[in-house]
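In: got a predicted structure here, sequence first:
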Amino acid sequence: MPEIAPELRLLKFAGESCSACVAMDRAQTLEKFASKHPGVRIVKLLVNDKDGESPAGTEYEKNYKISDAYGVEVLPTLILEVKNGGELVRFEGACSLKELEVAFDESIVTWKASQQIPW
């Protein structure tokens, strides 16, 4: 049987006024994850500026609307999703690279298993 390789992306909803978001940026959590998983598309979405605002007509406002559609209530929020398959795992609040790696590995195993079940 051929190896299953889903199209994945990791969304990071963050804010410039969010201290946990800044801490994750300083730790380069997503950059380190991306270097280990080049097939995962990383998408960073800033939902507010340094004043905690999402001014009308800005990228912040657009990203805020996207975060609302995803039901994001906490910053940072990381969502690993598979194309045409939805959300695999969600982290609300800061997480370490190790926590992200464990969740990624577990979610891929589960996703691959689900692909073996006929609809």
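Out: Arrived safely, thanks for sending.
In: going by C-alpha atoms from here, please, whenever you check contacts or count neighbours.
Out: Will do.
In: what count of nearby residues applies to residue 100?
Out: A count of neighbours around residue 100, defined by other C-alpha atoms under 10 Å, yields 19.
In: need the phi and psi values for it.
Out: With angles defined as degrees, to the nearest 10, residue 100 sits at phi -70, psi -40.
In: need the contact list for it.
Out: Contacts of residue 100 were listed using C-alpha atoms under 8 Å, 6 or more residues apart in numbering, and they are residue 33.
In: what does residue 13 give?
Out: Residue 13 makes contact with 44-47, 67, 72, 75-78, according to C-alpha under 8 Å, 6+ apart.
In: quick one: distance of whichever strand or helix holds residue 22 to the chain centre.
Out: Secondary structure from DSSP states H and E places residue 22 in helix 19-27. Offset of helix 19-27 from its chain centre (C-alpha atoms, centre = their mean, to the nearest Å): 14 Å.
In: got the buried residues for that helix?
Out: Using 16 or more other C-alpha atoms under 10 Å as the burial criterion, the residues of helix 19-27 that qualify are 20-22, 24.
In: ok, which stretches of the chain are helices?
Out: Using DSSP state H, the helices found in the chain span residues 19-27, 29-36, 59-69, 97-114.
In: now stretch 7-19: buried residues?
Out: With burial defined by 16+ other C-alpha under 10 Å, the residues of stretch 7-19 counted as buried are 8-18.
In: just the residues you listed now: which is nearest residue 85?
Out: residue 8 (9.6 Å; C-alpha to C-alpha).
In: check contacts around the closest one.
Out: Each residue near residue 8 by C-alpha under 8 Å, 6+ apart is listed here: 39-41, 80-83.
In: re earlier: how about the helices of the chain in CSV, adding mean pLDDT and distance to residue 87?
Out: As requested, the helices of the chain are exported to CSV (pLDDT from 0 to 100; distance: least, C-alpha to C-alpha, whole Å):
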stretch, mean pLDDT, distance to residue 87
helix 19-27, 94, 21
helix 29-36, 94, 18
helix 59-69, 95, 13
helix 97-114, 90, 10
